[in-house]
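> my questions are about this predicted structure, shown below with the sequence.
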Amino acid sequence: MALLQLRIVPDPVLRRKTRHVRDIDASIQRLVDDMRETMRFEHGIGLAANQGGVLHRVAVIHLPEAEEPIILINPEVLRREGQREVEEGCLSIPGYRAMLFRSVTVRVKAQDRDGKPFRIKAQELLAQALEHEIDHLNGVLYIDHIDDPAKLVKSEQEGQQPVEAAAAERARNP
Ligand code: NI
């Protein structure tokens with residue numbers, strides 16, 4: 001495994017839409033493994049391939065309480081329900097966070113590391129992370145979801161936080 005070089009805004013690769021993966025071969029599996037290692041190294045809870053400069057539709061998510069990471073190849077959001085306000089950050093935008101709105105529940109389909117299709121229905125932090133990473137794969141960053149630049153705030157401990165959709169749970173209508 002090898003570490004990928006984490007791309008930081010305004011790197012244009014973060015604005016590129018990634019490409020559907022047709023053959024989930026050894027090179028894609030190596031990419032998945034490198035992304036897992038890079039995510040761990042950067043203390044993130046998720047990583048999209050274009051954050052490592054690779055334009056394949058591949059993302060990984062590893063929530064703090066989860067034993068195993070979720071590997072997402074060709075993920076697509078099938079359905080979103082509800083809206084809640086959450087705090088969010090991104091490894092590619094170090095030192096900043098913002099409050100924004102994400103779905104309460106999302107349904108996603110994807111393929112795993114072996115190419116097997118699966119579906120997830122997710123809520124809370126996992127739903128937020130799925131929306132965040134699938135946004136990345138479409139060239140979208142969380143800052144695109146804030147209407148006022150003043151909502152982007154500096155983190156207290158710059159560069160020290162395990163951001164990438166690390167959320168403070170703040171449901172708008174609990
Ligand atoms: Ni991010």
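Received it, and whenever you're ready, just let me know what you need. This one's a predicted model, so the numbers in the text were calculated from it and none came from an experiment.
> tell me which residues are up against stretch 41-51.
The contact list for stretch 41-51, computed with C-beta atoms under 8 Å, 6 or more residues apart in numbering, reads 3-4, 6-7, 13-14, 16, 18, 31, 35, 38-39, 55-64, 91-92, 125, 129, 132-133, 136-137, 139, 161-166. Quick note: C-beta positions are derived from backbone N, CA and C, even for glycine.
> of those residues, buried ones?
Among the contacts of stretch 41-51, those scoring as buried are 4, 6-7, 13-14, 18, 31, 35, 38-39, 56-63, 91-92, 125, 129, 132-133, 136-137, 139, 163-166 (criterion: 16 or more other C-beta atoms under 10 Å).
> parallel or antiparallel, list what pairs with the lengthiest strand in the chain.
Secondary structure assigned by DSSP state E gives strand 70-81 as the longest strand of the chain. Partners of strand 70-81 in the sheet, by DSSP bridges, are strand 58-61 (antiparallel), strand 105-111 (antiparallel).
> out of those, which gets nearest to the ion?
Closest approach to the ion among these (C-beta to the ion): strand 58-61, 9.6 Å.
> any residue of that closest one touching the ion?
No: using C-beta under 5 Å from the ion, strand 58-61 never reaches the ion; the gap is at least 9.6 Å.
> quick one: distance of that strand to the chain centre.
Put simply, strand 58-61 sits 7 Å off its chain's centre (C-alpha atoms, centre = their mean, to the nearest Å).
> got the contact list for it?
So strand 58-61 is contacted by 18, 21, 28, 31-32, 35-36, 39, 45-49, 69-75, 126, 129-130, 133-134, 136-137 (C-beta under 8 Å, 6+ apart).
> returning to what we had before: adding mean pLDDT and distance to Gly82, write the strands paired with strand 70-81 out as a markdown table.
Formatted as a markdown table, the strands paired with strand 70-81 follow (pLDDT from 0 to 100; distance: least, C-beta to C-beta, whole Å):
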| stretch | mean pLDDT | distance to Gly82 |
| --- | --- | --- |
| strand 58-61 | 98 | 20 |
| strand 105-111 | 98 | 6 |
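> all good on my end, thank you.
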